[in-house]
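Asks: Pasting a predicted model and its sequence here:
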Amino acid sequence: MSKVYFMEQKDASFNKLGKSALALLKTIETETGHKYLEKLPIKVHFGEKGNNTYMPPECYDAVIEYLKSKGVSPIYIETNVLYRGARTTAKSHLKLALEHGFNQIPIIFADGDIGTDYNEIEINKDYISKCKIGKAYQDYDQFIVMSHFKGHNAAGFGGALKQLAMGFAARGGKFAQHSGISPIVSAKKCIACGLCAEKCDFDAIHMDEVAIIDSEKCVGCAACIAVCPEAAIRNDWGGSNFLEKLAEYAYGASRGKDIIYISFLQNITADCDCMGQHMELIADNIGVLASKDPVALDCACLDLLQQSSRQSLFEKGRKTLAHAEKIGLGTNRYELVKY
């Protein structure tokens, strides 16, 4: 059984939420004898362009200042997204992060300029044998993963596990979770410019009247999606066993790493912060939770939300929690320690 620490905060300001996150961080530090390394990445989500319900930088100020006071050098760490948008490349992603106020500390994009820099982590689980994790993650042994718990169309919910699975994965890793096939070329949009073939490191694309992707050679890095100037190449989102793959990538991302997880059960929407639009809140604010076990943490967040709302919200995500426990990532059995 894992411990999950909880501070109820229904109407708190973002600054107060940040102070609660720090209080829980200190609690874990005291109870586990946690020692910080000199450089410590904080995994966050900067919010998509047009979204206004992501957790803003004020939520992280208290933790950042505390770490600095202890002689630690915190940095933000993220990866680029698979779909086309403001967070597709490091350049535009950084611009958006700064526009959203995430300028307190340096920002690193672990998977490089277009999401193709990665290391393979061998896990040999039911659906994934090797995880493509953003290359810069190998430079650090310790992380703080801070998540906004909310809904997600495909995953049921997004929390600590999704921050690991999608947030640590390079573009090809994200692709592998969503599907097991090559990207799709739209003949109507493709102008046969050849840029995708030029940028393909695996000689998997050749040009005819339109770009042709050889599924036998394609490794699913999805670099072609990022560089196509006409958005003519897209992912097939219909992959099988996505929920289980999510758990397995979370396992690979956290393997051998010392991580503290903090989640904000606030600004709860039906879909995730990747949506570049205004979304209505669907439940009351609940509070801040923290744990060393991401499975227990997500389970506690889901339980508290369903108890508070008296609805079976995001129940789809239970499948990911069950598979995560099966493969040894964590446990769904937890003790909720209230403050």
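Replies: The structure has been received and is ready for your questions. Predicted model only: the values in this text are computed from it and were never measured.
Asks: Where does the closest residue to Leu22 other than its chain neighbours sit: helix, strand or coil?
Replies: The spatial neighbour of Leu22 that comes closest, neighbours along the chain excluded (C-beta to C-beta, 6 or more residues apart in numbering), is Ala62 at 4.1 Å. Quick note: C-beta positions are derived from backbone N, CA and C, even for glycine. The three-state label for Ala62, taken from DSSP: H, G, I helix; E, B strand; the rest coil, comes out as helix.
Asks: Please apply the same query to the one 4 residues further on.
Replies: Assigned by three-state DSSP, the conformation of Tyr66 is helix.
Asks: hang on, isn't it packed against Leu25?
Replies: Yes. Taking C-beta atoms under 8 Å as the definition, Tyr66 is a contact partner of Leu25 at 7.4 Å.
Asks: which residues touch the closest residue to Gly115 other than its chain neighbours?
Replies: The spatially closest residue to Gly115, leaving aside those adjacent along the chain, is Arg171, at 3.2 Å (C-beta to C-beta, 6+ apart). For Arg171, the contact set (C-beta atoms under 8 Å, 6 or more residues apart in numbering) comprises Thr79, Asn80, Leu82, Asp111, Ile114, Gly115, Thr116, Cys221, Ala222, Ala223, Ile225, Ala226.
Asks: quick check, nearest of the residues you listed to Leu96?
Replies: For Leu96, the nearest member of these is Asn80. The distance, counting by C-beta to C-beta, is 11.1 Å.
Asks: Most neighbours among the contacts of Arg171, which one?
Replies: By neighbour count, taken as other C-beta atoms under 10 Å, the most surrounded of the contacts of Arg171 turns out to be Gly115 (32 neighbours).
Asks: Quickly find the element holding that residue.
Replies: For Gly115, there is no enclosing helix or strand under DSSP states H and E.
Asks: Report the buried residues of stretch 52-69.
Replies: In terms of neighbour count (16 or more other C-beta atoms under 10 Å), stretch 52-69 has its buried residues at 53-57, 59-64, 66-67.
Asks: do stretch 316-334 as well
Replies: Neighbour-count burial for stretch 316-334, with 16+ other C-beta under 10 Å as criterion, is recorded at 316-321, 323-325, 327, 329-330, 332, 334.
Asks: Please report the distance of the residue nearest to Gly115 from Ala136.
Replies: Shown here: Arg171 relative to Ala136, a distance of 14 Å by C-beta to C-beta, to the nearest Å.
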